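Asks: here is my input; please provide its structure:
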Amino acid sequence: MVPRRGHAKLAIVLVACALTVGGAIAGLLITDDGHGNPSHERLAVAPTTGSWAPISVARPKVPVIAGGIPVDIDPMSIPTYFSTTLFSLPGAHHYRMTIYNVSNLGAVNSLQWFPPTGVHIVKLLGSSEGRCTVGGLNGFGGNQFPGVVLNQNILCGGLDLKPPSCTCLGDGGAVTVSFVTDKTIVAGEGDLRLRAATVVPGRIPVSQSSPAPSTGPLRRIVPDASGGVDSGGLAAEQRLAAQSALDALQSSNISLQLVTITRWVQSVPATCRVRLASDEPSTFEVYLFWIPWLAAEPYVWLDMNVTDDLRTSTFHLGTAQPVLPGGRLKPNGRTVNRRSVGTTLLSLYGPRQAKKSRAILRAHGGDVFAKPGAMCQVLENGSLRLLPNR
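Replies: Residues are numbered from 1 along each chain as shown. So this is what the prediction gives:
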């Protein structure tokens, strides 16, 4: 399987929006803000068709070669989260890389850089922000070559790279990482991947001159709130409050990211769960997890703590690679069998991979699967619909 490279150089075409990071949030609240925004109860009821239907993904046909082995295919879209500069330092193969946050997500908290194929990281010299370490997979050299490490990478965590004021300006936060390699590299080489981010609720502009397109009026999604306490432990008024909190995310950056992530990994969320965290004030934990269609793309999860005011809500995104290029996972879950057949389809990496997917899904969900709660559903426009407990 051919490794995916240059994620930082590819772009996804996103909806332009002129909302600032901190602005225009009041219009998304479910209460009247004194500026003519209707209360949630006065909103028109949302339909269940068109852009209000459950989100779906159109996947390309996978070509096969002799024996029915799928041919490698590329993802249809990859978001651009970073731009980079690379400078040579005194000494052979000494470099300083500066990584800028140009994403429309928000603040970047963790990132990972893989050097080009065949290049090894000899030493990490330091970083200007956070905590950066060199990692990789060992064990491929056996007892004879115990020091062999494959898929070397630099992982930086504890970052707080501020979001850009506009993705067109490149004025987001930056981190500089200095390192030594065993071969010459040039700017733009390697694979730079997002690992964690704090998503802002207001959409970040992509242009200074273009006006923001209309995102459409807010609508009130009507949940099933009949009877008393349902099988998920939610009372009727709690279901109404949960849906009202989800409706507050309409036309926000959250709804945009829900659609963007789904198109990126080419899969609808494997889970979408809402749990009541507090009645006073009304607060809900919301958790979504995506299992990618292609093994080259990451698991993605979004943890949200949602109130009836987006300014007091929190949104955290994380990612992790399902497998490494080159084959199926061995039983230890950390190394790959290089003699196995590689494929871009994650579903063909065997039952151990499927078990790993389920384990990661549960691990990042915390107590969101406990009662009281219910499942939810992403709609075509990025809105969230609370599903009835059966």
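Asks: my guess is N153 is in a strand, correct?
Replies: Yes: counting by DSSP: H, G, I helix; E, B strand; the rest coil, N153 is located in a strand.
Asks: bridged to S88, which residues?
Replies: On the basis of DSSP bridges, S88 is bridged to Y95.
Asks: how many neighbours does it have?
Replies: 13 (other Cβ atoms under 10 Å). C-beta here means a position set from N, CA and C on the backbone, and glycine is covered the same way.
Asks: pretty sure it sits against Y95.
Replies: Yes: counting by Cβ atoms under 8 Å, S88 does reach Y95; the two are 6.2 Å apart.
Asks: where does the protein have low pLDDT?
Replies: 1-39, 66-72, 137-150, 210-216, 323-343 (pLDDT under 70).
Asks: so how far is V45 from the spatially most central residue of the chain?
Replies: By Cα atoms, centre = their mean, the chain has its centre lying nearest to V300, at 4.4 Å. Going from V300 to V45 by Cβ to Cβ, to the nearest Å gives 31 Å.
Asks: try R385
Replies: Taken as Cβ to Cβ, the span from R385 to V45 is 12 Å.
Asks: between these two, which one's more packed in?
Replies: R385 (21 against 9).
Asks: list the contacts of that one.
Replies: 54, 221, 223, 243, 246, 376-377, 379 (Cβ atoms under 8 Å, 6 or more residues apart in numbering).
Asks: now it, what's its secondary structure?
Replies: strand.
Asks: same check on A58?
Replies: Following three-state DSSP, we place A58 in the coil state.
Asks: for it, give me its contacts.
Replies: By Cβ under 8 Å, 6+ apart, A58 has no neighbours at all.
Asks: can you check F114 too?
Replies: F114 touches 3, 151-153, 190-193, counting by Cβ under 8 Å, 6+ apart.
Asks: for G366, same thing?
Replies: G366 touches 285, 287, 303, counting by Cβ under 8 Å, 6+ apart.
Asks: switch the cut-off to 10 Å
Replies: G366 makes contact with 275, 285, 287, 303, according to Cβ atoms under 10 Å, 6 or more residues apart in numbering.
Asks: got the contacts of F114 as TSV, with neighbour count and distance to Q238 columns?
Replies: Output for those, formatted as TSV (neighbours: other Cβ atoms under 10 Å; distance: Cβ to Cβ, whole Å):
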residue	neighbour count	distance to Q238
P3	13	47
N151	18	46
Q152	17	49
N153	19	44
G190	24	48
D191	19	44
L192	23	43
R193	21	38
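Asks: closest to V62 out of those residues?
Replies: P3 (18.5 Å; Cβ to Cβ).
Asks: follow-up on the earlier one: number of residues surrounding the closest residue to the residue nearest to the centre of the chain other than its chain neighbours?
Replies: In space, and not counting its chain neighbours, V300 is closest to W290: 4.5 Å by Cβ to Cβ, 6 or more residues apart in numbering. W290 sits with 26 neighbouring residues when counted by other Cβ under 10 Å.
Asks: just checking, W290 touches V259?
Replies: No: using Cβ atoms under 10 Å, W290 makes no contact with V259, being 11.9 Å away.
Asks: joint contacts of these two?
Replies: V378.
Asks: any idea how far apart the tips of stretch 86-104 sit?
Replies: 23 Å (Cα to Cα, to the nearest Å).
Asks: helices along the stretch 101-250 of the chain, start to end?
Replies: 236-247 (DSSP state H, counting those that start in this stretch).
Asks: quick one: the strands in it?
Replies: 106-114, 121-127, 131-138, 149-157, 174-181, 191-199 (DSSP state E, counting those that start in this stretch).
Asks: and the contacts of the shortest one?
Replies: Among residues not part of strand 121-127, those counted as contacts by Cβ under 10 Å, 6+ apart are 89, 91-97, 99, 113-115, 132-136, 149, 152-154, 156, 158-159, 175-183.
Asks: can you say which of these are buried?
Replies: Among the contacts of strand 121-127, the ones that count as buried by 16 or more other Cβ atoms under 10 Å are 93-97, 99, 113-115, 132, 136, 149, 152-154, 156, 159, 175, 177-181.
Asks: what's near enough to touch the nearest residue to R390 once chain neighbours are set aside?
Replies: Nearest residue to R390, sequence neighbours excluded (Cβ to Cβ, 6+ apart): S231, at 6.8 Å. With contacts defined as Cβ under 10 Å, 6+ apart, S231 is in contact with 371, 374, 388-390.
Asks: please report phi then psi for S231.
Replies: phi -70, psi -20 (degrees, to the nearest 10).
Asks: next one: it from R219, what distance?
Replies: S231 is 27 Å from R219, by Cβ to Cβ.
Asks: just K355 next, same as before
Replies: 40 Å.
Asks: who's more crowded, those two?
Replies: R219 (18 against 12).
Asks: nearest spatial neighbour of the more buried one, skipping sequence neighbours?
Replies: A46 (3.4 Å).
Asks: ok, now V286?
Replies: M304 (4.1 Å).
Asks: state the helix or strand in which that neighbour lies.
Replies: Following DSSP states H and E, one finds M304 within strand 299-306.
Asks: got the buried residues for that strand?
Replies: For strand 299-306, burial by neighbour count (16+ other Cβ under 10 Å) applies to 299-304, 306.
Asks: and for stretch 125-132?
Replies: Neighbour count says stretch 125-132 has 127, 129-130, 132 buried, by 16+ other Cβ under 10 Å.
Asks: end-to-end on that stretch?
Replies: Rule used - Cα to Cα; the end-to-end distance of stretch 125-132 is 10 Å.
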